[in-house]
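In: Model the structure of this input:
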Amino acid sequence: MRALLKFLDLISGTTGAVVAWLVIPLIAASCYEVFSRYVLGAPTLWAFEVGYMVMGTHFLVGLAYTLREDAHVRVDLLYARLSRKTQALVDAFTYVVLLLPFAGWLAFGFWEKVLRAYASHERSGMSAFNPVIWPFRLVMCAAFALLALQALAQLIRCYLTLTERAPAKDER
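Out: Numbers count the residues shown, from 1 in each chain. This next block holds a predicted model:
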């Protein structure tokens, strides 16, 4: 079980680290757009579309990485006062009842949208650049699948905590 946990953490950690580097082309595209628009007087056709797709990818894939790092915002008013096992029960309930069904539903839903967009050559329709939209929808599908996998890893952590075989916090 610990091997599966390490493997799932590795997937989220690696994809999160790779996608974090997308900030560099996002900044470059934004700077080029500002320079082109205000200095050259010739705005680009592609900067808006590239910007929201790269930022969306960064945010969505970052969901799984953030869950792995236990860095999502949590209302700690009561949770912090609970015992470690009670926290694990609350977390397990949240993963089983909310996060896993939600992430799975979105991953499958986006997969259907990917297939339809690919088959119809659907385009964004948001600018003159108008790129095909299926690659971004594929990223959305993959991001929610990654989130579901990381939720499964967190659920395994809850099980290990409840059975008093919890891994150390820094064991990844």
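In: And the residue nearest the centre of the chain, which helix or strand is it part of?
Out: In the chain, the C-alpha nearest the mean C-alpha coordinate belongs to Val61, at 2.6 Å (C-alpha atoms, centre = their mean). Here Val61, judged by DSSP states H and E, is contained in helix 47-68.
In: sorry, back to before: residues in contact with the residue nearest to the centre of the chain?
Out: Counting by C-beta atoms under 8 Å, 6 or more residues apart in numbering, Val61 touches 15-16, 19, 139, 142-143, 146. Where C-beta positions appear, they are placed from N, C-alpha and C, glycine not excepted.
In: ok, and the most crowded of the residues you listed?
Out: Leu146 (26 neighbours; other C-beta atoms under 10 Å).
In: Just the pLDDT at the residue nearest to the residue nearest to the centre of the chain when sequence neighbours are not counted, thanks.
Out: Using C-beta to C-beta, 6 or more residues apart in numbering and skipping the chain neighbours, the partner closest in space to Val61 is Val19 (4.2 Å). pLDDT for Val19: 95.
In: in which helix or strand would I find Val19?
Out: Using DSSP H and E, the element containing Val19 is helix 2-20.
In: what's the angle from that helix to helix 47-68?
Out: 150 degrees (axes from the mean of the first three to the mean of the last three C-alpha atoms, to 10 degrees).
In: what sits up against the helix or strand following helix 2-20?
Out: Once helix 2-20 ends, the next helix or strand along the chain (criterion: DSSP H and E) is helix 23-38. With C-beta under 8 Å, 6+ apart as the test, helix 23-38 has contacts from 42-44, 46-48, 50-51, 54-55, 58.
In: contacting residues around stretch 157-167?
Out: 1-2, 5, 84-85, 87-89, 91-92, 95.
In: could you dump it to PDB, C-alpha only?
Out: In PDB, the C-alpha atoms belonging to stretch 157-167 read as follows (Å, rounded to 0.1, in the frame of the first residue of the first chain):
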ATOM      1  CA  ARG A 157      -3.200   8.200   4.100                       C
ATOM      2  CA  CYS A 158      -6.400   8.400   6.100                       C
ATOM      3  CA  TYR A 159      -6.600   4.600   6.300                       C
ATOM      4  CA  LEU A 160      -3.000   4.300   7.400                       C
ATOM      5  CA  THR A 161      -3.700   7.000  10.100                       C
ATOM      6  CA  LEU A 162      -6.800   5.200  11.300                       C
ATOM      7  CA  THR A 163      -5.000   1.800  11.500                       C
ATOM      8  CA  GLU A 164      -2.000   3.500  13.200                       C
ATOM      9  CA  ARG A 165       0.400   2.800  10.400                       C
ATOM     10  CA  ALA A 166       0.600   6.400   9.200                       C
ATOM     11  CA  PRO A 167       3.600   7.500   7.200                       C
END
